[in-house]
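**Student:** Here's my sequence, what's the structure:
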Amino acid sequence: MKTITMINPKTSNSYEIPVPEMMDYMLQGLVPFDTADNNGCQEPEDISLDDEIYRVDVDASEAVDRDIETACFNEETVEEIVKESDHTKENVITALRDINKLNAAIAWLGDLQTEDEMLAGTASHLNGQGFSAAFARTGRRLWQWITGKDAKTMEERWEKKCLSHKRANAAFQRQTRNYEFSTAIELAQYVAAFHWRQLEHIIAADFEGMDLTKVDLKKTVKNSKPIDWTDITGARVIQVKGGGTQLLWDSRRIWLPTSQLKMQNGAYRIPTWLAQKNDMV
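**Tutor:** Modelled structure (predicted):
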């Protein structure tokens, strides 16, 4: 094995070092003999230098590999490196193919907007959070659809709906046409992908997203209480005008909604609550 003469500048001791191990000894402070600054130190005697040694390229890859193998990284550092490598645009776009994660991504971006930004449909604070200025209004519409919240009051006014809801494409027809998309899902994926740096959490293996309704829920009609009617025998109709009827009742002229007045068994009847309101009982 070829060797090289190296010297310790502090002690002037010289050593014959195998060329592949040269890097290790340089890290310990030794230098090749011909680069040492002896500055008054007596050169070692009987040292035979082979010029060919200095013409050989030193391969330090083995030493570097050993350094990497023996390097110490704490678990937190390793997790950060892995986590950073997983958070790529491609991985986020892949996650956005899951409709539940897409719903959650749009809801997350909208929630990051400040109330004044949401109200105006802008991104005026330039804080790197939420929808960018280029998607402020479109993002707000998508957010309102998913969360059912009113951007003006931040209160939940409508039913939460999935982006694959049967009415979604019609609701976002203008936006999808302008962006040359076919569906509301494609529009939302495009908006969310633009903000992929803020969506690291959706690529987590345990992230499930938002499972929202895809059809309109049938509204159940509550059984109304039966109306309690009161007879107003003796009342006389004076005139009917528009949606009202004027009655003569106990020397008084009273206007009542025609829809609340009915004739039964030869006598007029009105709901008891209406009779109480007009002091007729």
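**Student:** Only C-alpha atoms from now on, for both contacts and neighbour counts.
**Tutor:** OK.
**Student:** And for the longest helix seen in the chain, what's in contact with it?
**Tutor:** In the chain, taking DSSP state H as the definition, the longest helix is helix 99-112. Helix 99-112 is contacted by residues 95-96, 118, 129-131, 139-140, 142-143, 146-147, 162-164, 185, 188-189, 192, 198-199, 202, 207-212 when judged by C-alpha atoms under 8 Å, 6 or more residues apart in numbering.
**Student:** Show the buried residues in those residues.
**Tutor:** 95-96, 118, 129-131, 139-140, 142-143, 146-147, 162-164, 185, 188-189, 192, 198-199, 202, 209-210, 212 (16 or more other C-alpha atoms under 10 Å).
**Student:** thinking again about what came up before, just the buried residues of whichever helix or strand comes after the longest helix of the chain, please?
**Tutor:** Sequence order places helix 115-120 as the next helix or strand after helix 99-112, per DSSP states H and E. For helix 115-120, burial by neighbour count (16+ other C-alpha under 10 Å) applies to 117, 118, 119.
**Student:** mind listing what the first one touches?
**Tutor:** For residue 117, the contact set (C-alpha under 8 Å, 6+ apart) comprises 123, 124, 125.
**Student:** Compute the first-to-last residue distance for stretch 167-178.
**Tutor:** 18 Å (C-alpha to C-alpha, to the nearest Å).
**Student:** so where is the stretch 1-150 of the chain shaky, pLDDT-wise?
**Tutor:** 1, 34-84 (pLDDT under 70).
**Student:** all strands of it, in order?
**Tutor:** 3-7, 14-18, 31-32 (DSSP state E, counting those that start in this stretch).
**Student:** May I see those organised as TSV, with distance to residue 226 added?
**Tutor:** Below are the strands of the stretch 1-150 of the chain laid out as TSV (distance: least, C-alpha to C-alpha, whole Å):
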stretch	distance to residue 226
strand 3-7	108
strand 14-18	105
strand 31-32	104
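**Student:** Narrow the buried ones among the contacts of helix 99-112 to those in helices?
**Tutor:** Per DSSP H, these map to helices at 95, 118, 139, 140, 142, 143, 146, 147, 185, 188, 189, 192.
**Student:** Quick check: closest non-adjacent residue to the first one.
**Tutor:** The shortest distance from residue 95 to any non-neighbouring residue, by C-alpha to C-alpha, 6 or more residues apart in numbering, is to residue 203 (5.9 Å).
**Student:** wait, the one you found sits on residue 97?
**Tutor:** No: the criterion here is C-alpha atoms under 8 Å, and residue 203 misses it with residue 97 at 11.2 Å.
**Student:** Dump the strands of the stretch 1-150 of the chain into CSV; add distance to residue 158 and mean neighbour count as well.
**Tutor:** Below are the strands of the stretch 1-150 of the chain laid out as CSV (distance: least, C-alpha to C-alpha, whole Å; neighbours: other C-alpha atoms under 10 Å):
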stretch, distance to residue 158, mean neighbour count
strand 3-7, 80, 21
strand 14-18, 78, 16
strand 31-32, 77, 20
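**Student:** Tell me which of the ones you listed approaches residue 246 most closely.
**Tutor:** Comparing those against residue 246 with C-alpha to C-alpha, the closest turns out to be strand 31-32 (116.5 Å).
**Student:** other SSEs contacting the closest one?
**Tutor:** strand 3-7 (3 or more C-alpha pairs under 8 Å, 6 or more residues apart in numbering; DSSP states H and E).
**Student:** Check which helices and strands the strand it packs on is in contact with.
**Tutor:** strand 14-18, strand 31-32.
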